[in-house]
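# Next come a sequence and a model predicted from it.
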Amino acid sequence: MTDLKRLVIFDVDGTLFRTDCVTVPAVQRTFVKFGLASPDRKTILGFFGKSVASYENWMAEQCPPGQAPKIVAAANALELQLVGEEGLLYSGVQETLETLQTQKYLMAICSNGPQAYVDEVLDQHRLRKFFPVVYARDMQYSGKKEMVRLILDTMAPDDFAVIGDRHDDIEAAHTWNGHGIAAAYGFGDPEEWRNADMKIKDITQAPDSLTRVFNIE
């Protein structure tokens, strides 16, 4: 590696963390507890990578009048509980991040998820040490373009890449003249990755892909 400051910005859900292991059961179990029909897995998966507001609004629409705040809060609380109890990283995440750290990459997090959820994933799965800068969209940012810009302002890299499984990861990278690497094993679809500079089928392919997009010899 040269003395250039190269930054890798990671998405969380569908890139580092198996969100389906916690969010799907949290919603389904909560709805059943309150006597509601259990939403199907595919419908819940469709909200991964979207804003917290759109996800919570959808849950609220399934609830009886006056019950939405209590049910949504219960689902969110169970989701946080399950992050540590049933949550899984994708295979090879720890080893890959250790490799990138050894190679002197700067690393940051940019997620559409709630702050408490992102914090729980990082802390429960021992990822915090890799990421000095963490941005979670929650309800306060307009989207990943804004968050990536704030990360760049904070870390001031010479070059950067975003690795994520949804179209807004790739778009955010390109908006600020970075490289977009699609996590093609996540929850997005091929159309969302159409403009990616590179696609990886496994997180362990990230180091080699970064070497290529950064033209490191």
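Structure's in. What do you need?
# which residues does the residue nearest to Gln67 when sequence neighbours are not counted contact?
Excluding its sequence neighbours, the residue lying closest to Gln67 (C-beta to C-beta, 6 or more residues apart in numbering) is Phe34, at 7.0 Å. Backbone N, C-alpha and C define where each C-beta goes, glycine included. Contacts for Phe34 (C-beta atoms under 8 Å, 6 or more residues apart in numbering) come out as Cys63, Gln67, Ile71, Ala74.
# ok, and the most crowded of these?
Ile71 (20 neighbours; other C-beta atoms under 10 Å).
# Give the closest residue to it in space, chain neighbours not counted.
Cys63 (4.9 Å).
# Okay, that neighbour and Ala116: tell me how far apart.
21 Å (C-beta to C-beta, to the nearest Å).
# swap in Glu192?
27 Å.
# Looking at these two, which has the bigger crowd around it?
Neighbours were tallied for Glu192 and for Ala116 using other C-beta under 10 Å; the higher tally belongs to Glu192 (21 against 15).
# quick one: contacts for the more buried one?
Counted by C-beta under 8 Å, 6+ apart, Glu192 has contacts Asp165, Arg166, His167, Ile170, Ala182.
# Looking at those residues, which are in strands?
In strands, judged by DSSP state E, the following of those are found: Ala182.
# quick one: which of the contacts of Glu192 is nearest to Lys201?
Ala182 (9.7 Å; C-beta to C-beta).
# for the helix ranked longest in the chain, which positions count as buried?
Ranked by residue count and defined by DSSP state H, the top helix of the chain is helix 68-85. For helix 68-85, the neighbour count (16 or more other C-beta atoms under 10 Å) marks Ala68, Ile71, Val72, Ala74, Ala75, Asn76, Leu78, Glu79, Leu80, Leu82, Val83 as buried.
# how does the protein divide up, domain by domain?
6-17+89-213, 20-85 (automatic domain parsing).
# A helix includes Thr96, no?
Yes - counting by DSSP: H, G, I helix; E, B strand; the rest coil, Thr96 is found in a helix.
# how close does the residue of the chain most remote from its centre get to Ala75?
Most distant residue from the mean C-alpha position of the chain: Pro65, 31.9 Å away (C-alpha atoms, centre = their mean). Distance, Pro65 to Ala75, using C-beta to C-beta: 18 Å.
# got it, and Gln101?
Distance from Gln101 to Ala75, by C-beta to C-beta: 35 Å.
# Gly49 too?
Relative to Ala75, and taking C-beta to C-beta, Gly49 is found at 18 Å.
# do the same with Leu152
From Leu152 to Ala75 the distance is 34 Å (C-beta to C-beta).
# what about the helices in the chain?
23-33, 41-45, 52-61, 68-85, 93-102, 115-124, 144-155, 167-175, 206-213.
# To what extent is the closest residue to Tyr141 other than its chain neighbours buried, counted in neighbours?
Nearest residue to Tyr141, sequence neighbours excluded (C-beta to C-beta, 6+ apart): Met147, at 5.2 Å. By other C-beta under 10 Å, the residues close to Met147 number 24.
# quick one, what contacts Met147?
Cys110, Tyr135, Arg137, Tyr141, Ala172.
# Next one: the fourth one, what pLDDT does it get?
Just to be clear, that refers to Tyr141. Looking at Tyr141, its pLDDT is 94.
# before we move on, what about the first one?
Looking at Cys110, its pLDDT stands at 98.
# Begin at 393, not 1, for the rest of this chat.
Okay, residue one is now 393; in that scheme the one you just asked about reads as Cys502.
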